[in-house]
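Colleague: okay, predicted coordinates and the sequence, questions at the end:
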Amino acid sequence: MAERQAPQVYSIAAHRGFADALVAGLIPRYADKDLGLARLTLLLPNRRAERIVTEAFVRLSGGGMLLPRMAMVGDLDLDEALGPLLDPLGGGAEVPPAADPVRRWLRLAELLRTELAHQNIKTPGLLRLAFETGRTMDRLAVEGIALEDLLKDGIAGIVGDLAKHWQDSTRTFARVQVQWQAELAARGEVDAPVRRNQLFDQAARRWKANPPPHPIVAAGITSASPALARLLRTVAELPQGAVILPDLDLALDPAVWDALGIAGAPADEGAEFFGERDALTHPQYHLKLLLNRMGVARDEVDPWHRAGLAAAPPERSRAISNLFLPPEGSAGWVNLKAEQRRLSGVRLMETAHPGEEAQAIALLIRRALDQPEKRIALITPDRGLAGRVVAHLGRWNVQADDSAGLPLPQTAAGRVLLLLAELAASAASPVPLLALLIHPLVGGGEGRAAWLSNARALDLQLRGPRPMPGFEPIRAAIAKAEKRGRGDGIAAWWQGVEQVLTPLVELPEDGTLADALDRLAAAGEALCGPRIWGEADGRALSAWLVELREAAAAIGTRLTPDDLPRVLRDAMDRVAVRPPWGGHPRVAIYGALEARMSRADLVICAGLTEGSWPASPSPEPLLPPAVLRALGVPAGEFRIGLAAHDLAGALGAPEVVLSWAMRDEAGPVIPSRFVLRVEAMLGDLADAHREREAVALARTIDHLPQLPPYPQPKPSPSAAQRNVALSVTAIDRLRGDPYQFYAGAILRLKRLDPLDADPTPAWQGTVVHKVMERWHLAGGRAGELIAIAQEELSAMQAHPVTRSLWWPRLAKALEWIDAEITRDSGTGREVLKSEIKGEMVLAGVKVHGRADRIDRHTDGRLVVVDYKTGKPPSGGQVKDGFALQLGTLGLIAAANGFDGVAGLPDGFEYWSFGKSDNSDTGFGYVSEPVAEGRKTGIPRDAFLMETQRYLIDAIDRWIKGGEPFVARLNPDLGGYNDFDQLMRLDEWQARGEKDS
């Protein structure tokens with residue numbers, strides 16, 4: 001056996017540029033004249049590092065050369081398939097295969113369903129808990145912690161001293177893991193991290209016993225897992241081996257290095273691996289942990305002998321080291337000379353909100369692109385901010401290379417699948433149905449225009465409150481539209497759509513996930529054709545579906561249709577879709593993990609706020625911190641140290657901008673602790689580092705020249721356009737807000753109800769009128785009103801939720817009406833007509849309307865009744881001429897404008913369905929806006945005359961006259977807002993402009 005040499009471990013300082021410095025040293029050290037670097041094996045942390053290093057080889061290889069073999073060995077956080085890549089290195093045939101992670105996820109959910117049956121957790125919650133359980137298992141496995149370690153007496157003693165919920169969760173986790181490990185043993189499999197550890201150990205044993213004849217170099221690996229640390233130690237001791245670490249601070253004062261803590265190397269055997277005073281949040285802590293697990297002292301690490309192309313000034317590394325001193329060391333900042341804390345080339349950019357921050361970043365990138373060959377990288381953990389920057393760059397046709405891609409649910413193909421799942425869950429409710437039908441992938445090709453025309457026609461028929469579940473209400477709406485001549489061809493088109501969607505709506509209540517996925521895939525392909533699978537997102541969706549479907553079929557996962565959208569969205573959110581081609585060759589957007597080893601001439605670190613960078617340390621949901629600490633697992637604060645190291649590495653670029661906003665969408669935020677450290681260390685130098693120009697441009701770039709204020713609308717149509725008939729319901733609108741009348745009666749615009757709308761008073765009024773009309777036509781017999789109302793609601797296909805919320809109130813009010821009419825009939829008052837249309841001509845203008853009910857007393861006097869589902873107009877409104885409906889109907893009756901009605905009205909009643917303390921049922925009361933006693937209104941004997949005066953005044957001013965239709969003529973009068981957006985109300989009302 002060859003004699004072991006001292007470990008060959010190197011560090012590339014932050015200011016040197018890791019990838020370029022690495023390649024600049026590898027080429028002269030290992031390149032062969034004929035084979036180039038083909039004999040070299042390079043161990044890298046992930047595929048992003050492979051791409052970055054490959055690009056560095058292209059830049060520095062001159063005329064080109066054979067590249068080394070690269071294998072990815074680190075970081076489970078990037079979901080890299082690490083184990084199979086090591087098979088050729090270690091001869092993985094002796095290592096058991098890895099369990100399918102999707103199958104494990106679904107199987108853990110079933111085990112948890114059994115363990116937690118008493119809690120009655122629904123399937124989406126169980127699957128989320130199963131995913132967290134799998135993550136905890138992987139975290140323990142990465143640290144080399146076996147199930148037996150969790151069951152030791154010492155751990156049991158710790159658990160016994162904890163709160164009951166921790167005891168319960170720990171025991172549940174242990175029981176589930178025992179069952180899962182037993183199943184793995186029966187199948188001859190292991191979890192992926194366990195397999196990875198075994199491959200590492202096998203490779204380390206073989207290389208130690210028989211050093212390979214070719215060089216092996218591990219570069220950029222910072223994961224401190226014990227198995228990987230053992231492999232790196234072996235690589236460092238190989239005759240042609242080396243380990244090259246990023247940003248290990250070799251100049252850090254030994255006292256500060258010692259103050260970082262024990263870092264996995266306790267002085268006494270059996271002591272805890274991490275001390276209570278360990279500086280887990282320091283950027284060098286995880287590197288100290290890695291060196292301790294490798295058994296390498298910091299003094300044994302040498303500086304790498306080359307620098308990269310995008311290197312920063314050497315003093316930058318010293319300033320970075322001072323920046324991240326532990327609390328005790330940072331007290332010495334006050335004694336540092338200016339050159340020791342100066343961060344030349346580093347700018348600080350503070351903005352008001354994320355939108356302004358994104359705009360300023362886009363401006364910095366666009367300005368930098370004017371310099372040839374300058375590379376720019378935006379590093380941010382905030383995906384929302386990254387998306388804003390991408391959108392802003394689009395104004396200059398700059399397509400940034402966003403390495404994170406898009407979550408699968410946000411892609412076109414993924415959205416189709418989720419819409420189908422939502423449609424199945426809601427039994428074809430209008431919102432997901434129409435969103436699906438107008439999706440860009442659905443109904444494409446030559447017939448796309450006709451498809452959209454039919455979809456829009458269906459949209460118009462489904463507006464308003466949600467109908468009953470299923471397709472029957474949709475068929476009824478289409479038939480009604482075609483009967484009115486508004487839906488030519490929709491029925492045949494809908495028949496084909498319904499045939500495709502029926503299997504989804506008919507999903508069983510306790511069906512299998514595999515069956516649901518089969519139906520979703522079939523429906524998606526039937527609606528979209530091969531387009532749904534044709535692009536990168538479709539291929540990713542197809543691979544995800546196949547993987548999940550196979551696992552679901554093997555496990556037998558069951559769920560309800562209601563659970564389907566949440567389950568699929570949770571699973572799809574973990575899949576990122578990256579375009580097969582890059583964007584702009586000099587602009588890249590990275591997450592913090594993906595940015596490791598990358599290098600650019602300008603690096604913008606954005607989203608530097610607490611909770612974002614660094615992210616808030618999330619406690620382990622299943623195992624208590626005391627148990628994790630006893631097992632040797634770093635606490636959650638460990639990730640803050642990794643975030644600090646990521647920032648320290650980014651600060652090594654020649655130009656750096658640190659960017660943060662003072663608030664987000666929720667409210668004010670706290671700048672990152674790293675930003676506060678930078679400002680504190682710079683002290684009086686901080687002001688010179690402020691980036692103000694980009695912020696000023698961001699605030700003005702989209703500001704238009706000052707435009708004249710939009711005036712209060714006062715349209716004045718021609719006499720011919722004004723010559724329209726007046727409906728009794730529009731007269732109040734004409735007098736109260738003439739512009740609303742103008743938009744509806746003259747422009748003939750109509751407000752569209754939203755989809756899945758709440759039951760509006762107008763909709764409720766329509767139901768009431770139909771019920772009352774049917775009841776009166778049937779003879780108005782006592783006791784039949786409730787049954788007719790139930791039939792009418794069923795005929796209207798009202799959604800059960802809508803019916804259940806409104807029916808109790810409606811039923812009580814109808815009981816009151818039944819009793820009230822019965823009581824009136826005992827006094828000789830009879831219902832003469834209901835829901836009757838009438839008209840008259842007044843001042844040369846046709847006035848028409850429908851009376852809800854007209855009653856007649858024994859002496860021939862008439863009573864005009866109007867039903868109101870809410871609060872009726874007040875007597876004051878009637879007196880002021882803003883509620884003329886009852887009086888106008890009375891005028892039509894007096895003019896014999898209603899067929900079969902003769903007589904003079906002297907009763908004007910609102911029958912409200914609202915709450916009433918005087919009603920036996922609690923709902924329903926009569927209100928008459930007549931001035932009698934202390935009541936406000938119009939005197940009974942002057943009611944018709946005063947109404948006529950108001951009507952003639954309105955006709956003379958707006959219909960026959962030339963007065964403009966002023967918007968909000970009476971701003972204090974509410975109730976009319978259908979056309980507020982058309983009149984651009986917010987643009988002029990806030991200024992207090994009034995008609996003069």
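Modeller: Good, I have the coordinates.

Colleague: contacts, neighbours, all on C-alpha from now
Modeller: Noted.

Colleague: centre-most residue in this protein?
Modeller: Among the residues of the chain, the one closest to the centroid is Q410, at 9.0 Å (CA atoms, centre = their mean).

Colleague: how much space between the most far-flung residue of the chain relative to its centre and D899?
Modeller: Most distant from the centre of the chain: D859, at 68.0 Å, with distances by CA atoms, centre = their mean. Distance, D859 to D899, using CA to CA, to the nearest Å: 20 Å.

Colleague: returning to that earlier point: for the residue nearest to the centre of the chain, give me phi and psi.
Modeller: Torsion angles at Q410 (phi, psi; degrees, to the nearest 10) stand at phi -90, psi 0.

Colleague: and for I12?
Modeller: Backbone geometry at I12, expressed as degrees, to the nearest 10, gives phi -110, psi 120.

Colleague: what number of residues lie near it?
Modeller: Residues within reach of I12, counting by other CA atoms under 10 Å, total 27.

Colleague: let me see the contact set for it.
Modeller: F18, A21, L22, I244, L245, P246, D247, L248, P303, W304 (CA atoms under 8 Å, 6 or more residues apart in numbering).

Colleague: do D138 as well
Modeller: By CA under 8 Å, 6+ apart, the contact set of D138 is D191, A192, P193.

Colleague: distance of S169 from P624?
Modeller: 9 Å.

Colleague: in strands only, show me the contacts of I12.
Modeller: Applying DSSP state E to the contacts of I12, the entries found in strands are I244, L245, P246, P303.

Colleague: now, which of those residues sits nearest V500?
Modeller: The closest of these to V500 turns out to be P246 (CA to CA; 55.7 Å).

Colleague: returning to that earlier point: angles on the backbone of the residue farthest from the centre of the chain, please.
Modeller: phi -90, psi 10.

Colleague: same check, this time on the one 3 residues further on
Modeller: The phi/psi pair for L862 (degrees, to the nearest 10) reads phi -100, psi 150.

Colleague: how about it, what does it touch?
Modeller: Shown in contact with L862 (CA under 8 Å, 6+ apart): I854, D855, R856, G903, L904, P905, D906, G907.

Colleague: re the thing from before, and the ones in strands among the contacts of I12, which of them are buried?
Modeller: Using 16 or more other CA atoms under 10 Å as the burial test, the ones in strands among the contacts of I12 include I244, L245, P246 as buried.

Colleague: wait, which of the residues you listed is closest to F273?
Modeller: Distance to F273, by CA to CA, is smallest for L245 among those, at 22.7 Å.

Colleague: which residues does the closest residue to that closest one other than its chain neighbours contact?
Modeller: Spatial nearest neighbour of L245, chain neighbours left out: S11 (4.7 Å); criterion: CA to CA, 6 or more residues apart in numbering. Contacts for S11 were tallied using CA under 8 Å, 6+ apart; they are I244, L245, P246, D247, L248, D249, L250, V301, D302, P303, W304.

Colleague: wait, a helix at S912?
Modeller: No: secondary structure of S912 (DSSP: H, G, I helix; E, B strand; the rest coil): strand, not part of a helix.

Colleague: quickly note the distance from it to V771.
Modeller: Going from S912 to V771 by CA to CA gives 15 Å.

Colleague: where exactly do the helices run in the stretch 601-750 of the chain?
Modeller: Along the stretch 601-750 of the chain, the stretches classed as helices by DSSP state H, counting those that start in this stretch are 625-631, 638-650, 673-682, 693-700, 719-722, 728-736, 738-741.

Colleague: any chance of the ones you listed in JSON lines with mean neighbour count as columns?
Modeller: Formatted as JSON lines, these follow (neighbours: other CA atoms under 10 Å):
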{"stretch": "helix 625-631", "mean neighbour count": "17"}
{"stretch": "helix 638-650", "mean neighbour count": "23"}
{"stretch": "helix 673-682", "mean neighbour count": "18"}
{"stretch": "helix 693-700", "mean neighbour count": "16"}
{"stretch": "helix 719-722", "mean neighbour count": "13"}
{"stretch": "helix 728-736", "mean neighbour count": "22"}
{"stretch": "helix 738-741", "mean neighbour count": "26"}
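
Colleague: closest to D866 out of those?
Modeller: Per CA to CA, nearest to D866 of the helices of the stretch 601-750 of the chain: helix 728-736, 11.5 Å.

Colleague: quick check: which ranges of the stretch 201-350 of the chain have low pLDDT?
Modeller: 267, 269-271, 307-314 (pLDDT under 70).

Colleague: which residues of it fall in helices?
Modeller: In the stretch 201-350 of the chain, the segments counted as helices under DSSP H, counting those that start in this stretch are 226-237, 254-259, 285-294, 315-323, 327-330, 338-341.

Colleague: can I get the CA coordinates of stretch 545-562 in PDB?
Modeller: The C-alpha coordinates for stretch 545-562 follow below in PDB (Å, rounded to 0.1, in the frame of the first residue of the first chain):
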ATOM      1  CA  LEU A 545     -47.500  12.300 -14.300                       C
ATOM      2  CA  VAL A 546     -46.000   9.000 -15.300                       C
ATOM      3  CA  GLU A 547     -43.800   8.900 -12.100                       C
ATOM      4  CA  LEU A 548     -46.700   9.900  -9.800                       C
ATOM      5  CA  ARG A 549     -49.200   7.600 -11.500                       C
ATOM      6  CA  GLU A 550     -47.000   4.500 -11.200                       C
ATOM      7  CA  ALA A 551     -46.300   5.200  -7.600                       C
ATOM      8  CA  ALA A 552     -50.000   5.900  -6.800                       C
ATOM      9  CA  ALA A 553     -51.000   2.700  -8.600                       C
ATOM     10  CA  ALA A 554     -48.500   0.700  -6.500                       C
ATOM     11  CA  ILE A 555     -49.500   2.200  -3.200                       C
ATOM     12  CA  GLY A 556     -53.200   2.500  -3.900                       C
ATOM     13  CA  THR A 557     -53.500   6.100  -2.700                       C
ATOM     14  CA  ARG A 558     -57.100   7.200  -2.400                       C
ATOM     15  CA  LEU A 559     -58.600  10.700  -2.200                       C
ATOM     16  CA  THR A 560     -61.800  12.600  -2.800                       C
ATOM     17  CA  PRO A 561     -62.300  14.900  -5.800                       C
ATOM     18  CA  ASP A 562     -62.300  17.900  -3.400                       C
END
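
Colleague: and W816, what pLDDT?
Modeller: Listed pLDDT for W816 reads 86.
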